[in-house]
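# sequence and predicted structure, then a few things I'm wondering about:
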Amino acid sequence: MTFPHRVGDELPPLEIPVTRTLIVAGAIASRDYQDVHHDAELAREKGSPDIFMNILTTNGLIGRYLTDHFGPTAVLRKVAIRLGAPNHPGDVLRLTGRITDVRAGEPAEAVVHVTGDNGIGRHVTGTVTVALPQKGEQGA
């Protein structure tokens, strides 16, 4: 199977409003109960202007970005991300991606360089290997 994209192809951007609810829900869903992800007063006491998103929520949003683009059969084989500027409530996270490698085979795979920016800078940078199993191949 060949991958439906070529090296250099850009994925359309995805803009995600960073709400207080998204930050808190993501932290709770990933069992990250650090106060900086849900308590604005304690986050300020620790030097942050407000609560901020945890890495697991960012990781999940990158997964959503790629599976929204490549479809429900896409499998994330490897995710390697690094955080930068924090995501605070009221901002917008803008995810972009570019194909950096394509591998034919069963399943076909691509490596996608992903970045995410918000109003204060680069929130996340990383690479994700995405596989596209043929129909009928579950979790290949």
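Good, I have the coordinates. The model shown is predicted, which means the values in this text are computed figures rather than measured ones. Numbers count the residues shown, from 1 in each chain.
# so what's the most far-flung residue of the chain relative to its centre up against?
Largest separation from the mean C-alpha position in the chain: E45, at 28.2 Å (CA atoms, centre = their mean). By CB atoms under 8 Å, 6 or more residues apart in numbering, no residues touch E45. Quick note: C-beta positions are derived from backbone N, CA and C, even for glycine.
# and it, how close does it get to V36?
As judged by CB to CB, to the nearest Å, E45 and V36 stand 10 Å apart.
# R122 now?
On the measure of CB to CB, R122 and V36 end up 20 Å apart.
# neighbour count winner among these two?
Shown here are R122 and V36; by other CB atoms under 10 Å, V36 has more neighbours (22 against 13).
# the residue nearest to P86 when sequence neighbours are not counted: neighbouring residues, count only.
Of all residues not flanking P86 in the chain, F52 sits nearest, at 3.8 Å (CB to CB, 6 or more residues apart in numbering). Neighbours of F52 under the rule other CB under 10 Å: 22.
# helix, strand or coil: sort out F52 for me.
For F52, the assignment made with DSSP: H, G, I helix; E, B strand; the rest coil gives coil.
# so who does it touch?
F52 makes contacts with 23, 36-37, 43, 86-88, as judged by CB under 8 Å, 6+ apart.
# excluding sequence neighbours, find me the nearest residue to the one residue sitting closest to the centre of the chain.
Nearest to the mean C-alpha position of the chain, counting by CA atoms, centre = their mean, stands I62 at 1.7 Å. Counting by CB to CB, 6+ apart, I62 lies nearest to V114, which is 5.6 Å off, once chain neighbours are set aside.
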